[in-house]
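In: predicted model and sequence below, questions to follow.
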There are 2 protein chains.
Amino acid sequence: MRVLVLGGDGFCGWPTSLYLSNRGHDVTILDNLSRRNIDNELEVQSLTPLRPIGERLRAWQEASGREIGFVNLNLATEYDRLVRLLEEIQPAAIVHFAEQRAAPYSMRSVSAKRYTVDNNVRATHNLLVALVSTGCDAALAHLGTMGVYGYGWTGSAPIPEGYLTVKIETPDGEIAREILHPANPGSVYHMTKTLDQLMFAFYAKNDGLRITDLHQGIVWGTQTDQTVKDERLINRFDYDGDYGTVLNRFLMQAAIGHPLTVHGTGGQTRAFIHIRDTVRCIEIAITNPPQTGSQPKVLNQVTESHRLRDLAKMISDMTGAEVANLPNPRREADENELVVRNDQFLALGLNPTTLSQGLMDEVTQVADRYKHRVDPTKIISRSVWRKGMETSEDLMTQIPSAS
Amino acid sequence: MRVLVLGGDGFCGWPTSLYLSNRGHDVTILDNLSRRNIDNELEVQSLTPLRPIGERLRAWQEASGREIGFVNLNLATEYDRLVRLLEEIQPAAIVHFAEQRAAPYSMRSVSAKRYTVDNNVRATHNLLVALVSTGCDAALAHLGTMGVYGYGWTGSAPIPEGYLTVKIETPDGEIAREILHPANPGSVYHMTKTLDQLMFAFYAKNDGLRITDLHQGIVWGTQTDQTVKDERLINRFDYDGDYGTVLNRFLMQAAIGHPLTVHGTGGQTRAFIHIRDTVRCIEIAITNPPQTGSQPKVLNQVTESHRLRDLAKMISDMTGAEVANLPNPRREADENELVVRNDQFLALGLNPTTLSQGLMDEVTQVADRYKHRVDPTKIISRSVWRKGMETSEDLMTQIPSAS
């Protein structure tokens, strides 16, 4: 299958590109390297040493004998180049990771808020218009987020797969309607994914585009069977307060002897997925697209849910790390329950990778190996949801010398 | 009250600016004159002769003794100037008309689709971010559209004022939730207004902005008590297939002896409001804002509903004009019922102006007076919702000589 991976240089995009290539698909990456540029802006770098994209691709060819194409393209602004590329490549499937993906980053400043909306909305809309105007019938799989649903909104009911059946009173009695689950985004970033949903619904209905929206949980883990083949293929590992994801951060903090940073009460329950399952889910999604004329298919790309303080306690028990309860820079509920349906992925053959000592050890080993690269002043989350909210001082100013 | 009118040079924005000025408010218009520029692109002009904005404002000062400020500013791209302006003017209220507002235009081409999304989303989002970053607590009234609801979605239930109470099954029994009415947009233009709604919900919740979203019906009429004071103040009258609104088009077609263009069966029922009520509703909205911390207030800015074929028949009976049933370039239901709640506006003192011979005569007289300005090749609606849909030939190639 000829597959375009938009945002294929990123944390999920890179291992997905390698996985799909390894599975025999003919992969081309489109990426404007914005994630690397944001590292420059934030004066932080991936814990793992990322090679330039060209070197990554050469290493992959050496390791696998397979070629992955690369085009440096800004999806939000270079519409005409996108059209020419679709015409040239004629992809059978497109995976769309090409959006600013961090909630804290999306709240940190005026320019970050504006960039997140301007980039994400225009990237998605340009893609949809380009598919319509070229007549490209590719199966489109987009990375959404569990955060579109909000937390606790449906009470004790599990979060459904995108659509919710509701009852409405009318003069002729109660009627049932299936609706897109009401949007309850918790940040500008999450909000852009709720905007994407409405664009997908419109273009699926008006133009018959075949779209799958994958509402992913918090991704953890670093390596996949492909990224471990050569150090030059290593995946990104974000540990900073804006881009780092919670479980990887805890594991990395334990590895360097930093207290585990629980922002808020830790009563927040979130859904998780391991990066090895992310890449499998993407292939399942593009090989099982909805039919032309269907509403977008929504899949919850998650395998388990955990309360943050339980994760912190577990890792503390495992490693002896302290737990630090810090002010929460987000506006969110202190406590929530979370049960998520993922029946469709299970039916399509996903065999969930859940939290295990072995996989956590793998993350810890990666963190330990590269801990000399950590800047401890980047660990605390300080992007506040409203001006004036309290944040914590640094808990550590230098990394203890290697053990 | 110091009021900023964003898009104050347009069909609704101009009479609103004059009305508010006349009522004693201190009005400043922000507009990038994009609507006039789109006239250039479409090679059509308002049936009524519009004066340059500077001349309009001078004429208003002569007629009323009151000054209206004007700033030529692109809300979607000139964020920093917007911020400086908010700091300088410190408005107590902001009326936001500054979006591309025609459904057919939003579907006519790749560039029009992209422009509609890029302009409307960024304009609204920049405004919201600027309000947050400057701490400006202005009451914001935004022009939405009845088209966000879709038509016929709630069966026989009237369309509520923005929010809908639904029941959801949970393991602990049925629970009731109030949700934003599900979005069912019929064009890229309407879709942008559904995106706006989600942005309003987020910024009201996260930042306490005070927002009113006015879901307006199809506006008809041309003149208000202010625009008639001097010919240089005359309001815009769009008769072309993209920007012309249906009732004004029928009246103008009757005036020039053109068949009344019913695209599709005419079974579509739509909500209407006279321009004189539009301007009143805006003042009611900005003087009755929601409280800080409330969800956006949604008001349906409509006074009556009519089926299009009934309107055509009525005008045909009045004038002897023929009715032409033409292919529908839109993808929409052939027939729908429509009952709309507008209880809040009625409670706040709106005294509806409904269809009357006198007001229709006023439109017809305006059309008759300026009919020499009509280009009859611009009358048929030809912006199709999907490539290849059928459209009609011109029904008339030149205007019959003046009677």
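Out: Structure's in. What do you need? Numbering: from 1, shown residues only, chains lettered A, B, ... in the order given.
In: pull out the buried positions in stretch A:4-14.
Out: A:4, A:5, A:6, A:7, A:8, A:9, A:10, A:11, A:12, A:13, A:14 (16 or more other Cβ atoms under 10 Å in any protein chain shown). Using the backbone N, CA and C atoms, a C-beta is placed for each residue, glycine as well.
In: show me how far that stretch is from its chain's centre.
Out: 10 Å (Cα atoms, centre = their mean, to the nearest Å).
In: that stretch: end-to-end distance?
Out: Counting by Cα to Cα, to the nearest Å, you get 12 Å between the two ends of stretch A:4-14.
In: all helices of the stretch 1-150 of chain A, in order?
Out: A:13-22, A:34-42, A:53-64, A:79-89, A:103-107, A:110-134 (DSSP state H, counting those that start in this stretch).
In: now stretch A:215-235: average pLDDT?
Out: Regarding stretch A:215-235, the rounded mean pLDDT is 98.
In: equivalent analysis for stretch A:52-67, please.
Out: 98.
In: before we move on, the earlier item: so which of the helices of the stretch 1-150 of chain A gets nearest residue A:247?
Out: helix A:103-107 (15.5 Å; Cβ to Cβ).
In: as CSV, could you dump the C-alpha coordinates of the closest one?
Out: C-alpha atoms of helix A:103-107 as CSV (Å, rounded to 0.1, in the frame of the first residue of the first chain):
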residue,chain,number,x,y,z
ALA,A,103,-1.6,20.7,25.5
PRO,A,104,0.8,22.7,27.8
TYR,A,105,2.6,24.1,24.8
SER,A,106,-0.7,25.2,23.3
MET,A,107,-1.4,27.2,26.5
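In: hang on, the earlier thing: farthest pair within the buried residues of stretch A:4-14?
Out: Pairwise across these, and taking Cβ to Cβ, the largest span is found between A:4 and A:11, at 18.2 Å.
In: near chain B, which residues of the stretch 151-300 of chain A? Just list them.
Out: A:153-157, A:164-172, A:174-175, A:177, A:179-180, A:182-183, A:185, A:188, A:191, A:194-195, A:198-199, A:201-202, A:206-207 (Cβ under 8 Å from any Cβ of the partner chain).
In: extract the CA atoms of stretch A:347-363 and return them as CSV.
Out: What follows is stretch A:347-363, C-alpha atoms only, in CSV (Å, rounded to 0.1, in the frame of the first residue of the first chain):
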residue,chain,number,x,y,z
ALA,A,347,-12.3,-6.9,17.2
LEU,A,348,-9.9,-5.8,14.5
GLY,A,349,-7.1,-7.8,16.1
LEU,A,350,-5.3,-5.5,18.5
ASN,A,351,-3.7,-7.5,21.3
PRO,A,352,-3.1,-4.8,23.9
THR,A,353,0.3,-4.2,25.4
THR,A,354,-0.3,-3.1,28.9
LEU,A,355,1.9,-1.8,31.7
SER,A,356,4.5,-4.4,32.5
GLN,A,357,7.8,-4.4,34.4
GLY,A,358,9.7,-5.3,31.3
LEU,A,359,8.4,-2.4,29.2
MET,A,360,8.9,0.1,32.1
ASP,A,361,12.4,-1.2,32.5
GLU,A,362,13.0,-0.5,28.8
VAL,A,363,12.0,3.1,29.3
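In: give me the buried positions along it.
Out: A:350, A:353, A:359, A:360, A:362, A:363.
In: stretch A:310-328 now?
Out: In stretch A:310-328, counting by 16+ other Cβ under 10 Å, buried: A:311, A:312, A:315, A:316, A:319, A:321, A:323, A:324, A:325, A:326, A:328.
In: those residues: which two are farthest apart?
Out: A:319 and A:328 (23.5 Å).
In: OK, contacts around the nearest residue to residue A:17 once chain neighbours are set aside?
Out: Residue nearest to residue A:17 in three dimensions, not counting chain neighbours: residue A:8, with 4.3 Å by Cβ to Cβ, 6 or more residues apart in numbering or on different chains. If a contact means Cβ atoms under 8 Å, 6 or more residues apart in numbering or on different chains, then residue A:8 has A:14, A:16, A:17, A:27, A:29, A:30, A:31, A:68, A:70, A:95, A:97 as its contacts.
In: check residue A:357 too.
Out: Contacts of residue A:357 (Cβ under 8 Å, 6+ apart): residue A:318.
In: measure the closest residue to residue A:121 other than its chain neighbours to residue A:182 for me?
Out: Closest residue to residue A:121 in three dimensions, ignoring its sequence neighbours and counting by Cβ to Cβ, 6+ apart: residue B:121, at 5.2 Å. With the distance defined as Cβ to Cβ, to the nearest Å, residue B:121 ends up 20 Å from residue A:182.
In: next: residue A:269.
Out: The spacing between residue A:269 and residue A:182, counted by Cβ to Cβ, is 19 Å.
In: those two: who's more crowded?
Out: residue A:182 (22 against 19; other Cβ atoms under 10 Å in any protein chain shown).
In: now residue A:242, what are its backbone angles?
Out: When read as degrees, to the nearest 10, the backbone of residue A:242 gives phi -90, psi -50.
In: count of neighbours near residue A:45?
Out: Neighbours of residue A:45 under the rule other Cβ under 10 Å: 20.
In: my read: it touches residue A:373, true?
Out: Yes. With contact defined as Cβ atoms under 8 Å, residue A:45 reaches residue A:373; the gap is 6.8 Å.
In: tally of neighbours for residue A:36?
Out: 17.
In: should've said residue A:63
Out: Neighbours around residue A:63, by other Cβ under 10 Å: 17.
In: OK, contacts around it?
Out: A:226, A:229, A:230, A:233.
In: got it, and residue A:61?
Out: Residue A:61 touches A:67, A:68, counting by Cβ under 8 Å, 6+ apart.
In: show me where chain A has its strands.
Out: Counting by DSSP state E, chain A has strands at residues A:2-6, A:26-30, A:69-71, A:93-96, A:139-145, A:163-170, A:173-180, A:211-216, A:218-220, A:260-263, A:269-274, A:297-301, A:304-307, A:323-326.
In: partner strands of the third one, parallel or antiparallel?
Out: To tie it back to what came earlier, the one meant is strand A:69-71. strand A:26-30 (parallel) (DSSP bridges).
In: quick one: the partner strand to chain centroid distance?
Out: Using Cα atoms, centre = their mean, the offset of strand A:26-30 from its chain centre is 19 Å.
In: before we move on, what about stretch A:101-113?
Out: So, by Cα atoms, centre = their mean, the centroid of stretch A:101-113 is 15 Å from its chain's centroid.
In: which residues does it contact?
Out: A:10-11, A:38, A:42, A:100, A:116, A:143, A:147, A:186-190, A:192, A:241-243, A:329-330, A:381, A:383-385, B:79, B:125, B:129, B:133.
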